[in-house]
Structure formats: C-alpha cells, structure tokens
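> pasting the sequence and the predicted coordinates here, then a few questions.
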Amino acid sequence: MLPSARGMNVLLLRPVPRNERFGLGPFFRIEPLGMAYVAAALEAQGHRVTMADLRFTRGVKHYLSTTRPTVVGIACMHALEYGDALALVQEVRRLSPRVSIIVGGHSAAAYPRPFFDAAVDAIVIDDGERAMPAAVAAIERGEALSSVPGLVVRTGDGFVQVPSPSEQYDLDAVPLPSREHVRPWRHQYACLAHRPAWLVETARGCPFRCSFCSVWQMYDRGFRERGIGAVVEDFASVGDQIFVADDLFWNHTPRSRALAEAILARGLRKQWVLVQSRVDTVARNPELLAAWRPFAREFDVFFGFEAPTDDGLRGLAKDTTVDRMREGIAIARELGFGVTGNFVVNPAWTEHDFERLWDFVAEQKLFQAGFTILTPLPGTAYYEEKRAALCAVEWSQFDMHHLLWEPRLGVERFFELYCETWRRSVLNLRGQKGWRDWLRDVQLKNAWFLLKALRRSQHLMRPAHYIGEHRLGPAGQEPGALAGALAHAESM
C-alpha cells in the first residue's frame, strides 16, 4: 500500500481498567506495546497518530478536542477490560458522534462479541499492524469497512465478519514500535520492583494447547518470529529493565541461539530481564539458557506451572509432567536464573488438593509463585464448554481472582484455603520477607511504588476481601447482558 497523500488524524486509546485490585496487578503496569506497533504502521502510511494511555494521562475529552481525530482506535487486551473498553467506546461516541470507532487488542480479537454495540464501527480480529492501516485507508477513500479483510464490521444486518487475508502477516513489516508516544509516562511502567520497565516482543503465538489459554486458539497454534536484526535493534533502543512479551520464549532453539549470539556480539547487557517459558522447554535446552544468561545481571523466568500433580496437568492439557517441572526448575536455578511462575487453582478442588499444592511449593521452594483461579477465557473452547455454568455478573470478574461459579468447598472455605495459599508466598509481609527486606532490594526512587503495591497485595491474604466482592447471577448469561439487565432493573 502506498503512503497516503494527505493522511488522517488517528487517536489510539488504552482504557483504564477498574479491576486491578487482586493478584499481581499492582506490580505489573505494562506499556501498550501493541498500540505502539499499530501507531508505527499507521505513521508509515502517512497518518498522524496520537496515543494516550488513559491510566496516566488527561481524560479522553481532552484528546478528542485537541487532536480532532477521524478514527479512534480503542484497545481491549484482557477479558476483564471488556466493560471498561465498551464504556470508553460509548463515551467517545457521545463526545464525537461522527468519528469512526474501531476496537482491537488481544481479547477483542479472540472474542469480539461483547463489542457488538451500535457505537462500534468495527473490531479488528487480524494482526492490528495490518488491519488497522487498511481500515483507516478505506475510511479515507470513503469505502465501506466491509471491504477490509480481518475485521468484524457493523452493517445494517448486524455485525459481519470479513475473512482475514490468506497469507500470514510478516511481523517484520513493522520492524520497530513507535515508543516515543509513551515517553511522557514511561516512568509509570513497572514489573514488580523494576521501574521504568520496557516491553519487547520477539515472537508471537504458541504451538501448545493449554485448555485455559486463548493465545494458541486465536493463532491456530501458529508461532511467528521477528527478524533477528529488528529484535537486536529493539533491545538496543530500550532501557535496562525488560519484560519480554513472548508467550513462549526459547521455543525455536536454532533461532534463539542465533538471537543470543547477535545480542551479545552487539555488546548489549541489561540490568534485569524477565521472560516467559515452559519448564519442559528449559529442561530440554540447558545449553541455550547458558548462552542467554550473560545478557542480564538479573535474569528471571516466569513458568506456567499450572498444577502440582500429573492428573492436574493432564486436566489442563499442559502436555508435561511434574518430574519434568522439577527438572526444568533445577536447571534454571543451576544456571543462575530466578524462578517464578503461576499455579491455577480449580474451584472443584478439595482440601487435599490445596494441601498437595502447598507440599509442592514447599518442596521446590516456589515462594515467589502466584496463584490464579481457573477462569474460562472468552475465545477458548473451554469458555464455550463452561458457558452454561458461568455465573459472572461483570466482565471485570474475569481477572482470575473471582469465582465464576460456586466452588466445591463452598465460597467461604474455598477462599480461606486460597488465601492460605497466598500467605505461603513471599508477598505475605508477616511471613519470611517483611517491609524492610523488600526495601533493601529496591532502588530508592522505586520504594514508594513498591510500598503501595505491597500494601495492596495484602488483600490476597484476607478471605473477607474476596467474600465481600463475591457476587454471582443466574448461570448461562454473558456478563454484559446480565449487567445491562441488572442496571435496567435497578433503574425501575
């Protein structure tokens, strides 16, 4: 596509999520990297882009009045943000009735149905770097959005899906994101006690098939990699504290080794790096991890542990074993990597299941692990399987720390044991690591941020905090529809 002769004003918005109260949300405030890639793609076509992360900026009214956009793109990255993103859509429509509103992001693409609303013009279900410029070009030419592949479009007959292009999108079509858009609030982005943190993507997708995950289902188990040259330039352009966004790091061994060699040949060294991988991937590739270790002074690996038993792993289609987990953990530690990760707590668990989790955590000394409640994410086969049983009232309950149906042990006992699980973690300030211990490990400039996050995390230890928010409605209704019905009933 040739660059636009005139270009259009495009405003990209990252909504404010209302629910980041539970889990590790207070510790992870990540830059909207996907929007920065979309911005780069639009700018390459001659469009004028403004990006606003509304978590840290002035309100949307300010940006609409100052940029006067023709197109507004709104991101919905997580299922818990459906309601927030839709509320922002409606506010934009009220303030600027004539703009074209396009919704994108991972959750919107994985499951667009919550955005089937009269205020939405289209939903991106393809890679945003390809679909969004094509949509803006169509609007500029006065063409219908129904001519643009990779969209779900509002028509007179309802929302209609336009097939995505048959050819796979080349991630190197946009080699580097437009990070300058988030420069004013860069200091707000954090991972744990590391701030400012930078987000880098080297690959997209996952070939595995964990039942609860929407990534592999959206990409049909595909896995694409950015070119080594572009990745090296990206690492060179960012700061010293990096979270690699890849869902599966070290997946492709020859390419991963070549990337490590290119990074080290460039002389790049970072203070802290966090990557996400699988324990069996690590267990198979100790030499590859050794090649990567010099890249960062502190190098952490986040594992999806998911379950402490082979039965539990099979139930989640994890395609590994507990013995393989032990092997991967041992190799990572022997090579000097920090080990953290997450377990999934099933509402069907008995007290014995909780005890087995505690035993495994103690055995492997996984005190930095997190614990989330099994949540069928929209866009997965598991969500369709469980839809008739789901009782959530709001999309914000899909934060993986709310129950979406009644647990086997009853609500009170379940949360007592769930909170006991968190009390065994490093986040419990009455446990092995107190306030002063945390502050010894953090830079002075980040101390206040860490203290606030730690204070909020203490809710994880208190059953009353969960029980006070526990609310379920009739089974089988989607949260948006049920919330609307409840609001209508309350207004009568």
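On my side now, so go ahead. Numbers count the residues shown, from 1 in each chain.
> quick one, phi psi at the residue nearest to residue 83 when sequence neighbours are not counted?
Leaving aside its chain neighbours, residue 83 sits nearest to residue 395 (4.5 Å; criterion: C-beta to C-beta, 6 or more residues apart in numbering). All C-beta atoms are positioned from the backbone trio N, CA, C, and that covers glycine. Main-chain torsions, residue 395, degrees, to the nearest 10: phi -60, psi -30.
> surely residue 395 and residue 404 touch.
No: here residue 395 does not reach residue 404: they are 10.9 Å apart, not a contact under C-beta atoms under 8 Å.
> tell me which of the two has more neighbours.
Ranked by neighbour count (other C-beta atoms under 10 Å), residue 395 and residue 404 place residue 395 first, with 26 against 22.
> that one and residue 192, how far apart?
26 Å (C-beta to C-beta, to the nearest Å).
> likewise residue 273?
In terms of C-beta to C-beta, residue 273 sits 12 Å off from residue 192.
> with residue 378 instead?
Counting by C-beta to C-beta - residue 378 and residue 192 are separated by 28 Å.
> how about low-confidence regions in the chain?
Applying pLDDT under 70 to the chain flags residues 1-5, 19-26, 480-492.
> and with 80 instead?
Along the chain, the model assigns pLDDT under 80 to residues 1-6, 18-27, 192, 432-453, 480-492.
> biggest strand in it by residues?
The residue-count maximum for a strand in the chain (DSSP state E) belongs to strand 296-306.
> same for that one, what does it pack against?
strand 270-277, helix 279-284, helix 322-334, strand 338-345 (3 or more C-beta pairs under 8 Å, 6 or more residues apart in numbering; DSSP states H and E).
> adding distance to residue 456, write the ones you listed out as a markdown table.
Shown next, in a markdown table, are these (distance: least, C-beta to C-beta, whole Å):
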| stretch | distance to residue 456 |
| --- | --- |
| strand 270-277 | 20 |
| helix 279-284 | 29 |
| helix 322-334 | 28 |
| strand 338-345 | 18 |
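> what's the closest of those to residue 223?
If you check each of those against residue 223 by C-beta to C-beta, helix 279-284 wins as the nearest, at 12.2 Å.
> buried set for stretch 457-470?
Residues 457, 459, 460, 461, 463, 465, 466, 469 are the ones in stretch 457-470 that count as buried (16 or more other C-beta atoms under 10 Å).
> which ones among the residues you listed lie within helices?
457, 463, 465, 466, 469 (DSSP state H).
> ok, the nearest residue in space to the last one that is not next to it in sequence - contacts?
For residue 469, the nearest residue in space outside its immediate sequence neighbours is residue 402; the separation is 6.9 Å by C-beta to C-beta, 6+ apart. If a contact means C-beta atoms under 8 Å, 6 or more residues apart in numbering, then residue 402 has 22, 373, 392, 466, 469, 470 as its contacts.
> ranges for the strands of the stretch 301-450 of the chain?
Taking DSSP state E, counting those that start in this stretch, the strands of the stretch 301-450 of the chain run over residues 338-345, 370-373.
> dump these to CSV, plus mean neighbour count.
Output for the strands of the stretch 301-450 of the chain, formatted as CSV (neighbours: other C-beta atoms under 10 Å):
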stretch, mean neighbour count
strand 338-345, 20
strand 370-373, 20
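> make TSV out of these and add distance to residue 179.
Compiled in TSV, the strands of the stretch 301-450 of the chain are given as follows (distance: least, C-beta to C-beta, whole Å):
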stretch	distance to residue 179
strand 338-345	26
strand 370-373	28
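> of all the ones you listed, which lies closest to residue 114?
strand 370-373 (20.7 Å).
> paired strands for that closest one, with orientation please.
Strand 370-373 has the following strand partners under DSSP bridges: strand 338-345 (parallel).
> list the contacts of the partner strand.
212, 298-308, 316, 329, 332-333, 354, 357, 361, 366, 368-374, 418, 421.
> for residue 270, give its distance to residue 230.
Taking C-beta to C-beta, one finds residue 270 at 18 Å from residue 230.
> more neighbours: which of these two?
Neighbour count, other C-beta under 10 Å: between residue 270 and residue 230, residue 270 has more, with 18 against 15.
> what's the nearest residue to that one if we skip its chain neighbours?
In space, residue 270 is closest to residue 296, 4.5 Å off (C-beta to C-beta, 6+ apart).
> ok, that neighbour - contacts?
Each residue near residue 296 by C-beta under 8 Å, 6+ apart is listed here: 242, 269, 270, 271, 272, 273.
> buried subset of these, written for ChimeraX?
Entered in ChimeraX, the line below selects the buried ones among these, by 16+ other C-beta under 10 Å:
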select :242,270,272,273
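> sec struct for residue 220, please.
Following DSSP: H, G, I helix; E, B strand; the rest coil, we place residue 220 in the coil state.
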